[in-house]
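Colleague: Need a 3D model of the following:
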Amino acid sequence: MRNRTLSNQHTRRSIRLPSFDYASPGAYFVTICTHGRECLLGELVNGEMRMNEIGKIVEEEWLKTAEIRHEIFLDEFVIMPNHFHGVVWILDDRNDTDGRRGTARRAPTTERL
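Modeller: Residues are numbered from 1 along each chain as shown. This next block holds a predicted model:
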């Protein structure tokens, strides 16, 4: 793995709204890309995605998210050779009766250097 300096670490402009609370209830579209967009999750064979072991781990961990976080509902998702798309719903847990809350109450809205 190569070293990255602070100057080239954050090259993308954030599209996050600075005043929006990303921990608030709602639907969120998530995209996660592999480092360098390497095809680490599987391959396309005749137009069909064939997940490898790493791709299967990504799928298992995605599905496990709703099992361990009661305020999360998972919607559609797709795993591609070098990226993942999913829709996650954060549910309103203000009426939480068992005292369990999510691990993060507020997502940062600015990039950290």
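Colleague: What's opposite the residue most central in space within the chain in the beta bridge?
Modeller: Among the residues of the chain, the one closest to the centroid is V30, at 5.0 Å (Cα atoms, centre = their mean). For V30, the beta-bridge partners are G86 (DSSP bridges).
Colleague: Give the full set of residues in contact with it.
Modeller: For V30, the contact set (Cβ atoms under 8 Å, 6 or more residues apart in numbering) comprises 84-88. Where you see a C-beta, it was placed from the backbone N, CA and C, and this is true even at glycine.
Colleague: can you give me the strands for this protein?
Modeller: Taking DSSP state E, the strands of the chain run over residues 26-33, 42-45, 48-51, 72-79, 83-90.
Colleague: and the closest residue in space to A27 that isn't next to it in sequence, how many residues sit next to it?
Modeller: The shortest distance from A27 to any non-neighbouring residue, by Cβ to Cβ, 6 or more residues apart in numbering, is to W89 (5.1 Å). By other Cβ atoms under 10 Å, 14 other residues sit near W89.
Colleague: Kindly report the same for W62.
Modeller: W62 is flanked by 17 other residues according to other Cβ under 10 Å.
Colleague: chain center to stretch 20-27, what's the gap?
Modeller: The chain centroid and the centroid of stretch 20-27 are separated by 14 Å under Cα atoms, centre = their mean, to the nearest Å.
Colleague: With adjacent residues omitted, what lies nearest to F73?
Modeller: Leaving out its chain neighbours, the residue that sits closest to F73 by Cβ to Cβ, 6+ apart is W89, at 4.1 Å.
Colleague: List the residues that contact the one you found.
Modeller: By Cβ under 8 Å, 6+ apart, W89 lies in contact with 25-28, 72-75.
Colleague: Buried members of the residues you listed into ChimeraX, please.
Modeller: Here is the ChimeraX command that picks out the buried ones among the contacts of W89, judged by 16 or more other Cβ atoms under 10 Å:
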select :74
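Colleague: Dump the contacts of W89 to CSV, plus pLDDT and distance to I54.
Modeller: Below are the contacts of W89 laid out as CSV (pLDDT from 0 to 100; distance: Cβ to Cβ, whole Å):
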residue, pLDDT, distance to I54
P25, 94, 32
G26, 93, 30
A27, 95, 27
Y28, 94, 24
I72, 92, 23
F73, 94, 25
L74, 96, 19
D75, 95, 23
